[in-house]
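A.B. asks: Just need the structure, nothing else, for what follows:
(2 chains)
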Amino acid sequence: MRGARLFIATKQSLECMIKEFFGVGEASSLLREKEISSRELIQSCLDRIGVHEEKIHAFLERSDSVLEEADRVDARRAAGEELGPLAGIPIAVKTVILTKGQRATAGSKMLEHYQATYDATVIERLRQASAIIVGMTNTDEFAMGSSTEHSRFGPTRNPWNTTKVPGGSSGGSAAAVAAGFALAALGSDTGGSVRQPASLCGVTGLKPSYGRVSRYGLIALVSSFDQIGPFARDVEGVSLLLNAIEGQDARDATTGMEPATAVFDALSNNVTGLHVGVPKEYFIEGMDEEVKQRVQEAIDLLEKGGAEIIEISLPHSSRALAAYYVILFCEASSNLARFDGMRYGFSSTGSNLKDTYELSRGDGFGAETKRRIMLGTYALSKGYYDAYYKQAARVRALVRQDFEEAFKRVDVVVGPTSPSVAWNIGEKFEDPIAMYLSDIYTISANLAGICSLSVPCGFAHGLPVGLQLMARPFGEATVLRAGKYYQSVTDWHKQTPKMDE
Amino acid sequence: MSLSRESVEKIASLARVRLEDEERVLYQEQLGSILEYVEQLGAADTSGVSELARGTTRTNVMRADESIPCDPAVREAMIKAFPRRQGALLEVQAVFEGRTE
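C.D. replies: The predicted model follows:
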């Protein structure tokens, strides 16, 4: 029935129809049934990009071969070839993920002219799945930020309200999916950089467990936290992307032999008997009252669906943010040492080697990057290492222990993704600590290495709110199951921004 | 809390980052307040807790001791990305200054 309805819509107006594309899964079946072509699908995205991209600024670079690629997929399908669920689906990719033929700027002047020389493993896998990469999306410089304002190429704007930030650092990817510029996207999540912009832009986003997805070809920020994760309108779309990119890769030794996520089981639309933990530490002052209400309503719906709601405690939550940032500063200062003006990227020649390093890095890096590199250098320097880095690593152990204890009693930990909805562009730009505090609910999953999903759960002050669902390492099927159930009884993920003038 | 001008200069030098005067003033304030924020870590009771430095419990991932050649096209692209080069060689400034041989 639904197929037939959309078929009529195809004939009327593609522009109108893409608003009805709630998910990759739905588009995928229409492609398979040849009710639409990949070319039509891509063209509808290009049309929307043409109208709205100038004000949203989701992309830093766009592929110029998307229609030809779509034609090739359509031709293979017409020839009777059996293609997978992502074949012919338009996907946007964060600019920190190397994609051959595209610039990988990482939102930085340092890499402004840097062309990716090879494909990241996730890109290889998307290409094998015949997905179509529409372009490279904006990010805070080297994925450091929570608003995408720290991009050296200008901010991305939230499609729900262009005076607001889209969140970050993967704000370009989240905005691209929210605006219908692509049906799905990849981002990277070091401390919430997939989930928080998903929340602020009203889309679905997953941070897989540490070790689930290969980071080969990801420009490294914090090697012990970084994960690549998918965005889509709904849980089904995120699941299909996860299945395409997950799994062992000899080029990233953190990936292992864990079986692929059992998405079919996850999408069974029930939460009967699921034990859902609500951390008492998460509903604290500083959290927006309306956001709190939306999250509570979502928890009530899970309970109504047969989940058992259990109050739990994550006693070290209040120290987690400080531990997260200290570890981030330290690892980032080490990872970004490779940008020295010598081998690639921006270079400014001084009178001697040290001068060249300092000038190249002084000019090539933006303000937030320099702040974090200097803080890391300081925290790792002689006399401070124990007090900062080692102490932070011990607090990290305690945070992980909190989750290990919690997961003995519950299957899923639920709470808000972000303490507030999207804020005004410029509002927190000059206040680093206010910006850091916006990550307070997301960083714990990275400290603990667990997986975490954000799904839209309504609106506060007219802007989207996200519900966060966390599960033990390699428990993706559990969060996807809870998220899918939630989306089967709500339609928040089907809402789309108006984006009118 | 504000860091001294000398402290910020020292940190910037260790981090190999050249700062403009106005940046230095800004960072004295900002680095100081961020350090003040993270100093709350000292209040956490971590006695007997070992550090967790990694995201995984996986250890000793082995592979065959084989060299994997670089795709010539990738090699060429990397060489093209060098800021300064002589032929296929990366040109760098002298590490030891004042030496003639």
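
A.B. asks: The chain: strands as residue ranges?
C.D. replies: With no chain named, the answer covers chain A. A:59-62, A:90-94, A:132-137, A:184-189, A:204-207, A:227-232, A:275-279, A:308-312, A:412-416, A:451-460, A:463-471 (DSSP state E).

A.B. asks: Actually, chain B is the one I wanted.
C.D. replies: Using DSSP E, strands in chain B cover B:85-86, B:89-90.

A.B. asks: Relative to residue A:304, which of those strands is closest?
C.D. replies: Of all the strands of chain B, it is strand B:89-90 that lies closest to residue A:304, at 63.4 Å by C-beta to C-beta. Placement of C-beta: from N, CA and C, glycine included.

A.B. asks: For residue 61, the count of nearby residues, please.
C.D. replies: All of this refers to chain A. 18 (other C-beta atoms under 10 Å in any protein chain shown).

A.B. asks: Can you look at chain B instead?
C.D. replies: Neighbours of residue B:61 under the rule other C-beta under 10 Å: 12.

A.B. asks: OK, contacts around it?
C.D. replies: residue A:253 (C-beta atoms under 8 Å, 6 or more residues apart in numbering or on different chains).

A.B. asks: and it, how far is that from residue A:124?
C.D. replies: Noted for residue B:61: a distance of 20 Å to residue A:124, by C-beta to C-beta, to the nearest Å.

A.B. asks: show me the contacts for the closest residue to residue A:375 other than its chain neighbours.
C.D. replies: Among residues not flanking residue A:375 along the chain, residue A:329 sits closest, at 4.1 Å (C-beta to C-beta, 6 or more residues apart in numbering or on different chains). Residue A:329 makes contact with A:372-373, A:375-376, A:378-379, according to C-beta under 8 Å, 6+ apart.

A.B. asks: sorry, back to before: output the strands of chain B as a markdown table; include the columns mean neighbour count and distance to residue A:186.
C.D. replies: As requested, these are exported to a markdown table (neighbours: other C-beta atoms under 10 Å in any protein chain shown; distance: least, C-beta to C-beta, whole Å):
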| stretch | mean neighbour count | distance to residue A:186 |
| --- | --- | --- |
| strand B:85-86 | 10 | 33 |
| strand B:89-90 | 12 | 31 |
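
A.B. asks: Mind checking these for the one nearest to chain A?
C.D. replies: Ranking the strands of chain B by proximity to chain A (C-beta to the nearest C-beta) places strand B:89-90 first, at 6.4 Å.

A.B. asks: ok, residues contacting that closest one?
C.D. replies: By C-beta under 8 Å, 6+ apart, strand B:89-90 touches A:342-343, B:79, B:82, B:84.

A.B. asks: Cross the residues you listed against helices and list the overlap.
C.D. replies: Using DSSP state H, the members of those that fall in helices are residue B:79.

A.B. asks: Residue A:467 versus the residue most central in space within chain B, what's the distance?
C.D. replies: Nearest residue to the geometric centre of chain B (C-alpha atoms, centre = their mean): residue B:15, 7.0 Å. Noted for residue B:15: a distance of 39 Å to residue A:467, by C-beta to C-beta.

A.B. asks: and what of residue A:259?
C.D. replies: In terms of C-beta to C-beta, residue A:259 sits 27 Å off from residue A:467.

A.B. asks: So these two - more neighbours on which side?
C.D. replies: residue A:467 (27 against 9).

A.B. asks: For the more buried one, give me the pLDDT.
C.D. replies: With respect to pLDDT, residue A:467 scores 98.

A.B. asks: I'd like to know how far it sits from residue A:492.
C.D. replies: Distance, residue A:467 to residue A:492, using C-beta to C-beta: 9 Å.

A.B. asks: cool, residue A:310 as well?
C.D. replies: Taking C-beta to C-beta as the measure, residue A:310 falls 24 Å from residue A:492.

A.B. asks: Wondering if stretch B:15-35 reaches chain A at all.
C.D. replies: Yes: Stretch B:15-35 reaches chain A (C-beta under 8 Å from any C-beta of the partner chain) through B:15-20, B:23, B:26-27, B:30-31, B:33-35.

A.B. asks: Between which two of the residues you listed is the distance greatest?
C.D. replies: B:16 and B:33 (23.7 Å).

A.B. asks: between those two, who's got more neighbours?
C.D. replies: Ranked by neighbour count (other C-beta under 10 Å), residue B:16 and residue B:33 place residue B:16 first, with 22 against 15.

A.B. asks: circling back: who touches both of residue A:467 and residue A:492?
C.D. replies: With contacts defined as C-beta under 8 Å, 6+ apart, the residues shared by residue A:467 and residue A:492 are A:455-457.

A.B. asks: Just put the strands of chain B in JSON lines and tack on mean pLDDT.
C.D. replies: Below are these laid out as JSON lines (pLDDT from 0 to 100):
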{"stretch": "strand B:85-86", "mean pLDDT": "94"}
{"stretch": "strand B:89-90", "mean pLDDT": "95"}
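
A.B. asks: Can you get me the start-to-end distance on stretch A:428-437?
C.D. replies: Using C-alpha to C-alpha, to the nearest Å, the span of stretch A:428-437 from its first residue to its last is 10 Å.

A.B. asks: What pLDDT is listed against the residue nearest to the spatial centre of chain A?
C.D. replies: Geometric centre of chain A, nearest residue: residue A:194, 2.1 Å, by C-alpha atoms, centre = their mean. In this prediction, residue A:194 carries a pLDDT score of 98.
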